[in-house]
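Visitor: Need coordinates for the following:
(one chain, ligands or ions: 1)
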Amino acid sequence: MRPKAHVVTSVIFFLPVYMFTNSIIMSFLFCLTQVLVDIDHVFDYLFFSKKPYSLKKFFQKGNPLTWSNVVFFFHSWEWVAILFGFCLNTKNIFAWAVFGGYFLHMAADEVINRITYKILKIDKFYYFFIFRCINNFNIDRICHDRNAFLESMRNE
Ligand SMILES: [Zn+2]
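Guide: From the prediction side, this is the model:
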């Protein structure tokens, strides 16, 4: 999902989370985490993009996948699982809020991106850091039809 969609999702979830937790701080943490997970796209863009940097352009078009590697560090179920374990052990209510936002972001990306970017043929393990690492973060090894995707982008 594009960052804008996560902002919209946060706006939608802010009140229900507040009603459930009775805490404005928890609701804010939930929503902020839900949006900030996408910050890793910026890191990848700055690190891998060969074109002159333009964050304005980046935020308008999202990740065009024109560079050959993606790390997407925060887009990893492993960190969600580790955070879940931390929450269970510490019972820290603020950690639960962060976990909730993180989980929602990952679940939304996992489902919506597979539908939106179906032509890209994202691997079923795409959202696992270990899988991306094993494949050298090479986009052609973790997505199985980038050429068809790039072709469709050119036709837009
Ligand atoms: Zn995302």
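Visitor: Any idea how many residues pack against residue 29?
Guide: For residue 29, the neighbour count with other C-beta atoms under 10 Å is 22. Every residue, glycine included, has its C-beta placed from N, CA and C.
Visitor: which non-adjacent residue is nearest it?
Guide: Nearest non-adjacent residue to residue 29, counting by C-beta to C-beta, 6 or more residues apart in numbering: residue 97, 4.0 Å away.
Visitor: Next, residue 122: phi, psi?
Guide: phi -60, psi 130 (degrees, to the nearest 10).
Visitor: Give me the spatial nearest neighbour of it, chain neighbours excluded.
Guide: Residue 122 sits nearest to residue 143 (C-beta to C-beta, 6+ apart), 5.3 Å away.
Visitor: Roughly how far does the one you found sit from residue 126?
Guide: 7 Å (C-beta to C-beta, to the nearest Å).
Visitor: And those two? Which one has more around it.
Guide: residue 126 (22 against 18).
Visitor: Which pLDDT value goes with the nearest residue to that one once chain neighbours are set aside?
Guide: Spatially, and ignoring its direct neighbours in sequence, residue 126 is nearest to residue 142 (5.4 Å; C-beta to C-beta, 6+ apart). With respect to pLDDT, residue 142 scores 93.
Visitor: contacting residues for residue 142?
Guide: Residue 142 is in contact with 70, 122-123, 125-126, 131-132, 135, counting by C-beta atoms under 8 Å, 6 or more residues apart in numbering.
Visitor: Turn those residues into a markdown table, including distance to residue 86.
Guide: A markdown table is the format used below for the contacts of residue 142 (distance: C-beta to C-beta, whole Å):
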| residue | distance to residue 86 |
| --- | --- |
| 70 | 26 |
| 122 | 28 |
| 123 | 28 |
| 125 | 23 |
| 126 | 24 |
| 131 | 22 |
| 132 | 22 |
| 135 | 27 |
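Visitor: nearest to residue 107, of those residues?
Guide: Distance to residue 107, by C-beta to C-beta, is smallest for residue 126 among the contacts of residue 142, at 13.8 Å.
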